[in-house]
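> I would like the atomic coordinates for the input below:
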Amino acid sequence: MRDLDLKTLRLFVAVCDCRSMARAAEQEHIEPSAISKRIAQLEDDLGVELLMRGRRGVQATPAGLALLENARNVLFTMDRIVAEAASFSGGIQGHVRLIATASAIAEALLDDIASFMREPDNQNIKVDIEERFSRDLVREVRDGNASLGVCWDHVDFEGLAQRPYRRDRLVLAVYAGHSLAGRSSLRFEETLDVEHVGLPPSTAVHTMLQRAAARAGRTVSYRVIVSNFDAALRVVAANLGVCVVPLEVGRRSAVGADIALIPIADAWAERSFAICFRQLETLPPASQRLVGHLEARAALAVATS
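Next comes the predicted model:
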C-alpha cells in the first residue's frame, strides 16, 4: 500500500465535516472532481469503501468513521509539529509539556504555572498541562512523552529524579447537617461506619484510603464513585455521602455550600507532592526554569504558612 498523504486525509475530513463534496471543495479551494479522485484512490489503496453518497449528501461508512477519527489525530499532530517549529523561528524560547495528577492540578499547580508565565523572562515559553493518574504519569515522563510530572511523592518513581513541591492536608468533607459535622477532628477509622463518595480505583487517593481502612481491619463503603473532587463535593452537598478531599480544594467548594470540613488526624493525611523528571541537566532550559520556579513557589508557601 502507498503511504497516505496528508492532503488527501485533510480533504477526506473536510468532506465528512461538510457532508458534501461540493461544499468541501469550495472550503478547500479545489475542484470537486479532484477531491473525488483522491478519495477514490484512497479507497482503492485501503481496500474499503469510505463514503456513501445519497440524496442527503455524503456519509462516512463504518470504515470511514474509523479512518476519520485517526485522520483527525494525525492532522492535529502534524499541525502541532509545524506550529512548534515555526514558534522557534519567531523567538519562542521553549515548550514544556507537564503532566500532573488531579490532586496537584486541583490545588496550587495552575496558579504556580500562571505566575511563571506572567514573568517577563518567560513570556515566550509555552506550557501544556495534562491530567494523568500517578502510574501513567511516571510512565510517560520515563518514556520521554512529557518533560515534567507532578504527583504525590509516595508513588514508585521507577528511577526518575525528583524535587519536593508543595504539601497538602486531607480533610473529611461532610454535609453541614451530617452527624459528624460538629467534630473538630477525627481519625479516618471513625468514618468507616458511614457511606463515602470516592474517586476511581486507579487514583492515588483511592489506594491510600483502601490501605488505611485495611490497617484498621475494615473496608470503605462507597455509595458513589465520581471522576474528580468537584463532582465528589457536589454529591456531599446533596447529603449522599462523605468524602476525603484536599483541604484547599474543600475550602473553595465549601464557600456558599452546606459543607463542613473536618481535619483527619492520621499522620498519612498530610501529603507531599514532588516534581519528577528524567535528569535535570538534560532537560531543556525552559523545563529547568519551570522546575526552579515551582520549587521557589513551594518554599515561599512554607515560609508564609
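
> end-to-end on stretch 7-27?
When the termini of stretch 7-27 are compared using C-alpha to C-alpha, to the nearest Å, they are 14 Å apart.

> now it: mean pLDDT?
Averaged over stretch 7-27, pLDDT sits at 92.

> report the buried residues of that stretch.
8-16, 18, 20-21, 23-25 (16 or more other C-beta atoms under 10 Å). Quick note: C-beta positions are derived from backbone N, CA and C, even for glycine.

> distance check, the closest residue to Glu119 other than its chain neighbours against Ala102.
What sits nearest to Glu119 in space, not counting adjacent residues and going by C-beta to C-beta, 6 or more residues apart in numbering, is His293, at 7.9 Å. Going from His293 to Ala102 by C-beta to C-beta, to the nearest Å gives 22 Å.

> more neighbours: which of these two?
Ala102 (23 against 17; other C-beta atoms under 10 Å).

> pretty sure the more buried one sits against Pro200.
No. Under the criterion of C-beta atoms under 8 Å, Ala102 makes no contact with Pro200, lying 9.7 Å away.

> and the longest helix for this structure?
Using DSSP state H to define each element, the chain has its longest helix at helix 62-89.

> what's it packed up against?
The contact analysis (3 or more C-beta pairs under 8 Å, 6 or more residues apart in numbering; DSSP states H and E) places helix 62-89 against helix 6-18.

> give me the residues contacting the helix it packs on.
Applying C-beta atoms under 8 Å, 6 or more residues apart in numbering, the contact partners of helix 6-18 are 21, 24, 27-28, 30, 35, 38-39, 41-42, 50-51, 58, 60, 64, 67-68, 71-72, 74-75, 78.

> quick check on these: which are buried?
Using 16+ other C-beta under 10 Å as the burial test, those include 21, 24, 28, 35, 38-39, 42, 50-51, 58, 60, 64, 67-68, 71, 74 as buried.

> could you export stretch 52-72 as CSV, CA atoms only?
Extracted in CSV, the C-alpha atoms of stretch 52-72 (Å, rounded to 0.1, in the frame of the first residue of the first chain):
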residue,chain,number,x,y,z
MET,A,52,-21.7,6.5,0.9
ARG,A,53,-23.3,9.0,-1.4
GLY,A,54,-27.0,9.7,-1.1
ARG,A,55,-29.7,12.3,-1.7
ARG,A,56,-28.9,14.0,1.6
GLY,A,57,-25.2,14.2,0.8
VAL,A,58,-22.1,12.2,1.7
GLN,A,59,-21.9,10.0,4.8
ALA,A,60,-19.0,8.0,6.2
THR,A,61,-19.2,4.2,6.3
PRO,A,62,-18.1,2.4,9.5
ALA,A,63,-14.6,2.1,7.9
GLY,A,64,-14.8,5.8,7.1
LEU,A,65,-15.7,6.7,10.6
ALA,A,66,-12.7,4.7,11.9
LEU,A,67,-10.4,6.5,9.5
LEU,A,68,-12.0,9.9,10.3
GLU,A,69,-11.0,9.6,14.0
ASN,A,70,-7.5,8.6,13.2
ALA,A,71,-7.1,11.2,10.5
ARG,A,72,-8.1,14.0,12.9
